[in-house]
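Participant: Following is a predicted model, sequence given first.
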There are 2 protein chains.
Amino acid sequence: MTWRDPAALSTTELEEGSDIALDFGRFSSANGDGVVPVVAQDIESRDVLVLAHANRLALEYTLREGVAAFWSMSRDRLWIKGETSGNVLDVEEVRVNCEQNSLLYLVRLRKDGVCHTLENGVARHSCYYRRIAGDRLEPVQSWRL
Amino acid sequence: MTWRDPAALSTTELEEGSDIALDFGRFSSANGDGVVPVVAQDIESRDVLVLAHANRLALEYTLREGVAAFWSMSRDRLWIKGETSGNVLDVEEVRVNCEQNSLLYLVRLRKDGVCHTLENGVARHSCYYRRIAGDRLEPVQSWRL
């Protein structure tokens, strides 16, 4: 794909234009690949499900295959969400922020949850199942707001 | 506040426990401060508004003052959202993900938008106002889903 170098664009072109010019220069994986943070949001419940990272390879995979892929920062490899658990996320839309340095995947869940942690034997719907309450964490009563 | 070192906890303690043990070790700002990515979500419209980063100082400010603060990665300083624009975000809840390496701020907007970019002279509601469509970006028709 013909993506542009963000350094070659003006601020107006970057923020108001239609050229894809993602800034993979701010963060990098252990092997030096540039990554951007990615939020995955459930297009139905509108819950924020997971925050991960994508390099160019992971984003291209996501756009081509229509399922959420990230770059695993801990394992330093392409991470196709649900490849082992079956908790695949179908991606309906990929949004880009103003400065083109982060992404929003709007997704539909094939199964119930996205989290690798379990509650009553089932993957939690969202990774954000605890809130800060004073000096402690406490469970969110429902994963929905 | 008495937060724990995540390296001192077992995976079960980190993921299922009530100890705050945020992992500020994966990413750092230019001055070497550890940061975690933060998603801010509108508790009313449920739009994902902005993705930024917080170090311990920014998170403590947010918890103490009840307004969203981040650590500006470009300016390398505490960034109290809306300090110049007035687009302050009141934080109703801070959630932590399974691995304690990212945060979710559930916020209420004092004004219309959070983005530093403008549309018709008004701050855009969310920074995610464009989607990837083939090789181009195109405006999202409405910032609501």
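Facilitator: Sure, I can see it.

Participant: ok, which stretches of chain A are helices?
Facilitator: For chain A, helices defined by DSSP state H occupy the ranges A:11-16, A:56-65.

Participant: For the ones you listed, state which one has the densest average packing.
Facilitator: helix A:56-65 (a mean of 18; mean count of other Cβ atoms under 10 Å in any protein chain shown). The way it works is simple: take the backbone N, C-alpha and C, and place the C-beta from them, glycine included.

Participant: what about the nearest residue to residue A:80 once chain neighbours are set aside, distance to chain B?
Facilitator: Nearest residue to residue A:80, sequence neighbours excluded (Cβ to Cβ, 6 or more residues apart in numbering or on different chains): residue A:69, at 4.9 Å. In this view, residue A:69 and chain B are 14 Å apart by Cβ to the nearest Cβ, to the nearest Å.

Participant: got a list of what residue A:69 touches?
Facilitator: A:54, A:58-59, A:61-62, A:78-81 (Cβ atoms under 8 Å, 6 or more residues apart in numbering or on different chains).

Participant: And residue A:123, by the same measure?
Facilitator: By Cβ under 8 Å, 6+ apart, the neighbours of residue A:123 are A:85, A:87, A:111-117.

Participant: Select, out of the helices of chain A, the one closest to residue B:23.
Facilitator: Closest approach to residue B:23 among the helices of chain A (Cβ to Cβ): helix A:56-65, 21.2 Å.

Participant: what about the strands in chain A?
Facilitator: Per DSSP state E, chain A carries strands over the ranges A:27-28, A:34-42, A:48-54, A:69-72, A:77-80, A:89-96, A:103-109, A:118-119, A:122-123, A:130-133, A:136-139.

Participant: Let me have those in JSON lines, adding mean pLDDT as columns.
Facilitator: JSON lines is the format used below for the strands of chain A (pLDDT from 0 to 100):
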{"stretch": "strand A:27-28", "mean pLDDT": "90"}
{"stretch": "strand A:34-42", "mean pLDDT": "97"}
{"stretch": "strand A:48-54", "mean pLDDT": "97"}
{"stretch": "strand A:69-72", "mean pLDDT": "97"}
{"stretch": "strand A:77-80", "mean pLDDT": "97"}
{"stretch": "strand A:89-96", "mean pLDDT": "98"}
{"stretch": "strand A:103-109", "mean pLDDT": "98"}
{"stretch": "strand A:118-119", "mean pLDDT": "92"}
{"stretch": "strand A:122-123", "mean pLDDT": "92"}
{"stretch": "strand A:130-133", "mean pLDDT": "97"}
{"stretch": "strand A:136-139", "mean pLDDT": "96"}
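
Participant: Let me know which of those is tucked in deepest.
Facilitator: For the strands of chain A, the highest mean count by mean count of other Cβ under 10 Å goes to strand A:48-54, at a mean of 25.

Participant: Many thanks, I have nothing further to ask.
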